[in-house]
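# kindly generate the corresponding structure for this input.
(3 chains)
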Amino acid sequence: MDWSFMLAHVPDYLAGAWVTLRFGLYGILCSLAVGLLCCLARFFRVPVLRQIAGGYIELARNTPLLVQLFFLYAGLPRVGIRFSAETCAVIGLTFLGGAYMAEAFRSGLEAVDRAQIEAGACLGLTRTQNIRYVIFPQALATAVPALFANVIFLIKETSVFSVLAMMDLMNVADTLRTSGGRTVEVLCMLIAAYLLILLPVSVIATRVERRLRYAGFGDQHSV
Amino acid sequence: MAEPILRVREIHKSFDSTGVLRGVSLDIQEGEVIVIVGPSGCGKSTLLRCINGLETVDSGEIWLRGEKISGRTRDLYRVRQKIGMVFQSYDLFPHMKVMDNLLLGPTKALGRPRQEVEAEALRMLERVGLREKAYALPRTLSGGQKQRVALVRAMLMQPDILLLDEITAALDPEMVSEVLNVVIDLARGGMTMAIVTHEMRFAEAVADRVLFLEDGHVVEEGTPEVFFHHPQTERAQQFLRSFTYASKRDKGEEQPKNNAGD
Amino acid sequence: MQDLGISILFKGINFQRLLGGLWVTLRLALLTIGLSTVLGLLFALLMLSGRRWAKFFCRAWLEIVRFMPQLVLLYLVYFGFARLFGWDLNGEVSALIVFTFWGAAEMGDLIRGALTSIPRHQTESAEALGLTRGQVYQYVLIPQTVRRLLPQAINLSTRIIKTTALVKMINVTEVLKVGQQIIGQFYRQPDAAFWVYFVIFLLYFLVCWPFSLLARRLEKRWA
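Numbering: from 1, shown residues only, chains lettered A, B, ... in the order given. Model (predicted):
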């Protein structure tokens, strides 16, 4: 192991990690928004929007991100639709992630007991109040593990951003590998970098999930 | 006789072309407690669910305090603010403390000030023996305690009428009476109620009038004394007999006496 | 030539070439799925063996697979193993190793989950009927396990198919690469890239979608 080589290139990796994290985060936030909208369109059976959401979810879940990115970055400009690499990255990740987030929200909503919704209605809550105070908090709590799993999944998926010539972690490592030839060191640092990003996310996820469990969800005594 | 608080006229309801309610009519006077009994699948629960609009009736009309409430879809929540309902599965909101469960309806649906309702909630909890559970989470409560909280939650809406749908069906036997005593207490306080139950002794104790429902029809209707001790129809007699057992020492010589209400 | 770019796909054997490229990744995916199922079964048995070291080993394996982007693992094996052990693996073999390493752990965890999700009293009541151990498995445990497992295993398989697209990044000539070659040949056709990538996108969708539908249908039927 060439420690001085590794030390010397820490700043490169930090820069790469910043790209990975920043665009990963943009993509994740947009995914959450898109996912929520799709889920609501289906939940409220909004005509047209609901079918569009359904079709989109199928398309996005059944195609690889790499292929989506090629289409966005190399295909669309040929018919006059041009985005920067960064925009492609965020659009691509959102296209993929939105569908996964929508499914996570949906599973949360479906897990809310019908009786809970009726109980809310029996208290004379309006539909909006019922959703806000009764349905949504419970759905969100159930969806949290799946949402966090998606966050980790999407951060991992950012590794293909290198095909957009973005200097993310993967591309930093690849560039160093081809120029310096210290493959083992380069790859070790790459692994370490992803661990340093993903471990905290996983720890937070576990904490939040435990918190929610203790907060009294999954009411064991009820029928 | 005064104008009934609730008036149900000839309602019909089918699920997948199976008629569950086939022309049920019913009047409930202010302060009256009616108990609806009948074999499972007779439409008792559906009747209650139709009254507060959880199910829409196919035909017929329901009136609350002279206002027609059946057949609406828009502002059903206004109707439900005046009709309390408690189910067998308690359905407390698991993500809220007992107090938040109690406050939700009065503060959000009725827009009443929080302090006022909270003080009232504490008095009600005191009355049902759960003052110290006011800030506990529902999952730390026993089934009987949850059901008492559910009753308080419904009562805090100050409803015109309270519908109770087999509220003890999911409880362990030793918890049944703690819940039913609360209901009897409410009845003494003049609460108008429609109760579906399988607890025949309780039914006899609390009812002003008993309705026997079978196959979506009201087969018999009367005071608890008459219904439980001198049922008029063959089917009611049969139904009440199903609550008794022939002793193995009878050897079938005697017909088992109908004593469901004793 | 002024015809639409899509027409180049029907020139000569271009379409067959694309399908050939797709088959490279599909073949890899099928092999991966097969190997992952066999190894996943071993993984599950190891995890349920009750031995501490076995459990620890499996957990560690699973965590690595969950945390590392598949692309990083591909680089590690394809570039790293050559350096570390002097193994000069070609792209497809590296990919098979990586995807099987990943698939086996995921499949193993699904099998473990399905096996342990069957309530204990199912075994007890079957034994109470006087069934032998073998009969308990044959009539009670295995049918229930399969029902729970199959939809999830199919979903994992579509994930594997999508993920094998990554071999593009380690110089395997697969459908995207073939697409690039075709685009290169028809560089005078400006919208060639759009149509080629669009068709690749559709091809992936047409391969993965039926699996997703099947999984959903089974899930509904056996829920």
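
# where in chain A is the helix or strand with the lowest mean pLDDT?
Across the helices and strands of chain A, mean confidence by mean pLDDT, DSSP states H and E is lowest for helix A:3-8: a mean of 86.

# export that one as PDB, just CAs?
The C-alpha trace of helix A:3-8 is given here as PDB (Å, rounded to 0.1, in the frame of the first residue of the first chain):
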ATOM      1  CA  TRP A   3       0.100   5.500   1.800                       C
ATOM      2  CA  SER A   4       1.500   8.800   0.600                       C
ATOM      3  CA  PHE A   5      -0.200   8.300  -2.700                       C
ATOM      4  CA  MET A   6      -3.500   7.700  -0.900                       C
ATOM      5  CA  LEU A   7      -3.000  10.700   1.400                       C
ATOM      6  CA  ALA A   8      -2.100  12.900  -1.600                       C
END
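
# determine if any part of that helix is in contact with chain C.
No - between helix A:3-8 and chain C, judged by C-beta under 8 Å from any C-beta of the partner chain, nothing touches; the nearest distance is 13.7 Å. Bear in mind the C-beta positions are built from the backbone N, C-alpha and C, glycine included.

# for that helix, packing partners?
Judged by 3 or more C-beta pairs under 8 Å, 6 or more residues apart in numbering or on different chains; DSSP states H and E, the packing partners of helix A:3-8 are helix A:183-214.

# so which residues of chain A form helices?
With DSSP state H as the criterion, chain A has helices at A:3-8, A:10-43, A:49-61, A:65-70, A:85-111, A:114-122, A:127-129, A:136-157, A:169-180, A:183-214.

# quick check, the last one touching chain B?
No - remark: helix A:183-214 sits outside contact range of chain B, by C-beta under 8 Å from any C-beta, the gap being at least 8.7 Å.

# report how many residues lie close to residue 68.
Since no chain was named, I'll use chain A. Counted with other C-beta atoms under 10 Å in any protein chain shown, the neighbours of A:Gln68 add up to 24.

# oops, I was thinking of chain C
For C:Met68, using other C-beta under 10 Å, the count is 22.

# before we move on, what about the one 5 residues further on?
For C:Leu73, the neighbour count with other C-beta under 10 Å is 23.

# now do the contacts for B:Pro113.
B:Thr107 (C-beta atoms under 8 Å, 6 or more residues apart in numbering or on different chains).

# that older thread, got the helices of chain A as JSON lines, with distance to B:Lys108 columns?
Shown next, in JSON lines, are those (distance: least, C-beta to C-beta, whole Å):
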{"stretch": "helix A:3-8", "distance to B:Lys108": "58"}
{"stretch": "helix A:10-43", "distance to B:Lys108": "21"}
{"stretch": "helix A:49-61", "distance to B:Lys108": "28"}
{"stretch": "helix A:65-70", "distance to B:Lys108": "43"}
{"stretch": "helix A:85-111", "distance to B:Lys108": "20"}
{"stretch": "helix A:114-122", "distance to B:Lys108": "10"}
{"stretch": "helix A:127-129", "distance to B:Lys108": "5"}
{"stretch": "helix A:136-157", "distance to B:Lys108": "13"}
{"stretch": "helix A:169-180", "distance to B:Lys108": "48"}
{"stretch": "helix A:183-214", "distance to B:Lys108": "23"}
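
# out of these, nearest to B:Gln147?
Closest approach to B:Gln147 among the helices of chain A is made by helix A:114-122 (12.5 Å; C-beta to C-beta).

# can you confirm whether the closest one lies near chain C?
No - using C-beta under 8 Å from any C-beta, helix A:114-122 never reaches chain C; the gap is at least 15.4 Å.

# that helix vs helix A:136-157, what angle?
130 degrees (axes from the mean of the first three to the mean of the last three C-alpha atoms, to 10 degrees).

# mind listing what's buried along helix A:114-122?
Buried residues in helix A:114-122, counted by 16 or more other C-beta atoms under 10 Å in any protein chain shown: A:Gln116, A:Ile117, A:Glu118, A:Ala119, A:Gly120, A:Ala121, A:Cys122.

# quick one: which of those residues is nearest C:Gln135?
A:Gln116 (41.4 Å).

# isn't the closest one right up against A:Val134?
Yes - assessed by C-beta atoms under 8 Å, A:Gln116 is found in contact with A:Val134 at 6.0 Å.
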